[in-house]
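Engineer: Show me the folded form of this:
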Amino acid sequence: MSSCPPPFRAGRTGKGTVCGIAGYTHWNRAFDPGRIRKVTLTLLHRGPDQQGVYQSATVSLGATRLKIIDLEGGDQPVTTGDGAVVVYNGEIYNYAALRRELEQLGHRFHSRSDTEVLLRAFLQWDTACFARLRGMFAAAIWLERDRRLVLVRDRMGIKPLYYCCRGSDLYFGSELKAILAHPEIERKLDLEGLDHYLTLNYVPCPFTLVAGIRKLPPGCWLEWRDGKLREGRYWQLEFRPRRRPIREACEELDSLLRDAVREHLISDVPLGVWASGGIDSTTILHYASELLGAPLKTFSISFRGRRFDESRYFREVAARYRTEHAELDLNESLDLPGAIEKMVWHSDEPSADAGAVPVWFLSQLSRRSVTVALSGEGADELFGGYITYLADRWARRLRWIPALLRRMALRALERWPVSDDKISFEYKVKRFLAGSLLDPGAAHCYWNGAFSSAEKDAFYFGPRFAPLPVASPDLVRRIGYLNQFLLFDQLYYLPDDILYKVDRMSMAHSLEVRPAFLDHRIVEFAASLPEDFKVRGGCLKYVLRRLMKDRLPAAVIHRDKEGLDIPAHDWMRTVLRPLLLDTLTPKALRETGLFDPEAVQAMIRRHLERRVNLGFQLWGLLILFLWIRRFNVQTIAQPGEEAALVRVGSSFSSQP
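Structural biologist: As a prediction, this is how the structure comes out:
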């Protein structure tokens, strides 16, 4: 392994900007000069320290800034004085090297800002500059002389960016609400996005739940020029596994992690680490502690008295690294319904990931002491950290048993009493057997807690759309059986569930979260590993455990993954029961024209009577209906459409 470098000190190295961006074109039409300020203010929580706008006859741009580096400078928008403008959200970690290269090419800089580096890099290399950037970012660049607007998003989708085309004009924003602030944008439910939501528990890119609004895919750019659109991709995730000695892989991962964490530590404001006591966050804490050579602040969520409480692990880690530790116990005494109502507004669109609740409170706790937090997001998707990857393999063998026998076993297990645990053994076994009756791709999605096609048919009248491609014999031949699921999760689950959740919950509290594992060099390294370096036997994230086994506490290395989530089954029967019943009323369900009120009410009764555990599924429906109400989303376009949807829904098979 490489030796440790001298202690690294965080310092002023540029003007990093975490913020919200928004804008729209108004080509050949009159516009309200005050609107862009109103739109920008919808993102004030993302950047409470500074707000600015730029306007011309064709475009209006706005930005809000959360100051992280160089607190006295870096205001946005940044212009060159000749009509080149950028609004930007994020951090470009290699901006200093790019700046030196640009200076050698004749560019002169007026600040130490990475925002200015981005703008001048674009002026030098156009869209080819994006492949040179290393970091997390979303930006909009305007060239007045060309009447040209270019949007871009980072490789992994860490920073969000939405857009909408209406006529010849383009609208965009870091959040949906920045687009919905325009009165001409209709708030109609996107039925294809909804179908995916009910299947996956999240809305996959490029869809949203508002018709006409799309997410810009990670690693892509979008150009508007005189009312016409052009799009391109500057980075593509590719799996190219190659065999090498495990020791060599560990050495390379060690070097990559050290470099990534070093860059992620740059800050002129207080910085900490989210510490769950698991291997991912503890790995980040380990490198950060070595590089800084000083105690860090750590933050954790406990569930005192619950089987899945991680207190003993994160307290051992905090003691080992002598951190300034803070924790919050998440329990029924907190105002959970009130927090959920606020979460719905900040979430922008629904997510059925109930882990958003602890992330909300963790962000709130962290913001009392720091402005930046490092996290371990991404390691599970890169290196194979979820039990679903084991389930994918086990089910492959189980499918040799006739489906009839598996159905009989599943019916017998219905007599097994349900548990109030977050994810009990009983729940796992039942879910696994039910998933084994589906094709491999559908099963992989089902194990995340979504509805199968047959389950949707029982209560949902909406039209069905082609599912996203998950698994195929061709993918197995090209990249491997396990890698096909890792690829899917990195393309969809990671950006559209995990990173989306962390971004919205943290930015609601004006907290910047940096996932160091998602440095694209680490992502590409992970995609080059053989499958057995990720999952070996029953060992998940094998290469990461091998690297850290003599560095982290043994309890951390050998513990099972728990995951930051709520006891949804229990809370839906107790503290969240009033919110559930007040939201999923027969009237609210009927008014959508999409859901069968009797079927949904039956689901609720079965859960409350402890005949089955449907806490995660009911959470997804609860959040969906809270969102529809909060954002005043129209679900049925015409009075007669409801009957048509009922007929469509009734034609689907009831078998998985």
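Engineer: if I look at the residue positioned nearest the centre of the chain, how far off is residue 46?
Structural biologist: Ranked by distance to the mean C-alpha position of the chain (Cα atoms, centre = their mean), the top residue is residue 499 at 2.1 Å. Noted for residue 499: a distance of 15 Å to residue 46, by Cβ to Cβ, to the nearest Å. Where you see a C-beta, it was placed from the backbone N, CA and C, and this is true even at glycine.
Engineer: Same question for residue 403.
Structural biologist: For residue 403, the distance to residue 46 - Cβ to Cβ - is 49 Å.
Engineer: between those two, which one's more packed in?
Structural biologist: More crowded of residue 403 and residue 46, by other Cβ atoms under 10 Å: residue 46, with 27 against 12.
Engineer: Report pLDDT for the more buried one.
Structural biologist: Residue 46 carries a pLDDT score of 88 in this model.
Engineer: Could you do residue 113 as well?
Structural biologist: 81.
Engineer: Helices along the stretch 451-600 of the chain, start to end?
Structural biologist: 453-457, 473-479, 481-488, 500-507, 520-527, 542-548, 554-558, 568-573, 577-583, 586-592, 597-608 (DSSP state H, counting those that start in this stretch).
Engineer: Which strands and helices lie in contact with the fourth one?
Structural biologist: Spelled out, that is helix 500-507. helix 336-347, helix 356-367, strand 512-515 (3 or more Cβ pairs under 8 Å, 6 or more residues apart in numbering; DSSP states H and E).
Engineer: switch to 6 Å and redo it
Structural biologist: Applying 3 or more Cβ pairs under 6 Å, 6 or more residues apart in numbering; DSSP states H and E, one finds that helix 500-507 contacts helix 356-367.
Engineer: Just want the angle from the helix it packs on to helix 500-507.
Structural biologist: When axes from the mean of the first three to the mean of the last three Cα atoms, to 10 degrees is applied, the directions of helix 356-367 and helix 500-507 differ by 40 degrees.
Engineer: chain center to helix 356-367, what's the gap?
Structural biologist: 15 Å (Cα atoms, centre = their mean, to the nearest Å).
Engineer: contacts for the helix or strand that it is followed by?
Structural biologist: Going down the chain from helix 356-367, the next helix or strand is strand 372-375, by DSSP states H and E. Strand 372-375 is contacted from outside by 264, 267, 271-274, 284, 366, 512-516, using Cβ atoms under 6 Å, 6 or more residues apart in numbering.
Engineer: do the same with stretch 327-337
Structural biologist: Contacts of stretch 327-337 (Cβ under 6 Å, 6+ apart): 300-304, 358, 361, 365, 575, 579.
Engineer: Please repeat the previous calculation with a cut-off of 8 Å.
Structural biologist: Outside stretch 327-337, the residues that touch it by Cβ atoms under 8 Å, 6 or more residues apart in numbering are 299-304, 311, 314, 357-358, 361-362, 365, 566, 571, 574-576, 578-579.
Engineer: ChimeraX command for the buried members of those?
Structural biologist: Provided next is the ChimeraX selection string for whichever of the contacts of stretch 327-337 are buried by 16 or more other Cβ atoms under 10 Å:
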select :299,300,301,302,303,311,314,357,358,361,362,365,566,571,575,576,579
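Engineer: List the neighbouring strands of the helix or strand hosting residue 152 plus their orientation.
Structural biologist: Using DSSP H and E, the element containing residue 152 is strand 148-153. For strand 148-153, the paired strands and their directions (DSSP bridges) are strand 135-143 (antiparallel), strand 220-225 (antiparallel).
Engineer: as a whole number, average confidence for the shortest one?
Structural biologist: In other words, strand 220-225. On average, strand 220-225 scores 98.
Engineer: what about that strand, distance to the chain center?
Structural biologist: That offset, for strand 220-225, works out to 23 Å (Cα atoms, centre = their mean).
Engineer: ditto for the first one
Structural biologist: Counting by Cα atoms, centre = their mean, strand 135-143 is centred 19 Å from the centre of its parent chain.
Engineer: what sits up against that strand?
Structural biologist: 21, 23, 54, 56, 59, 61, 83-95, 118-119, 122, 148-154, 156, 158-161, 172, 174, 216, 514-515, 518.
Engineer: Inside strands: which ones of these?
Structural biologist: Cross-referencing the contacts of strand 135-143 against strands under DSSP state E gives 21, 23, 54, 59, 61, 84-92, 148-153, 172, 514-515.
Engineer: shaky segments in this structure?
Structural biologist: Along the chain, segments meeting pLDDT under 70 span 1-18, 50, 66-74, 637-656.
Engineer: Tell me which residue of it is furthest from the middle?
Structural biologist: By Cα atoms, centre = their mean, the chain has its most distant residue from the centre at residue 106, 39.2 Å.
Engineer: would that residue count as being in a strand?
Structural biologist: No - counting by DSSP: H, G, I helix; E, B strand; the rest coil, residue 106 is not part of a strand but coil.
Engineer: What is the neighbour count of residue 472?
Structural biologist: Residue 472 sits with 12 neighbouring residues when counted by other Cβ under 10 Å.
Engineer: show me what contacts residue 394?
Structural biologist: Contact analysis of residue 394 by Cβ under 8 Å, 6+ apart lists residue 432.
Engineer: Please apply the same query to the one 4 residues further on.
Structural biologist: When the contact criterion is Cβ under 8 Å, 6+ apart, the partners of residue 398 are 406, 436.
Engineer: Fine by me, thanks again.
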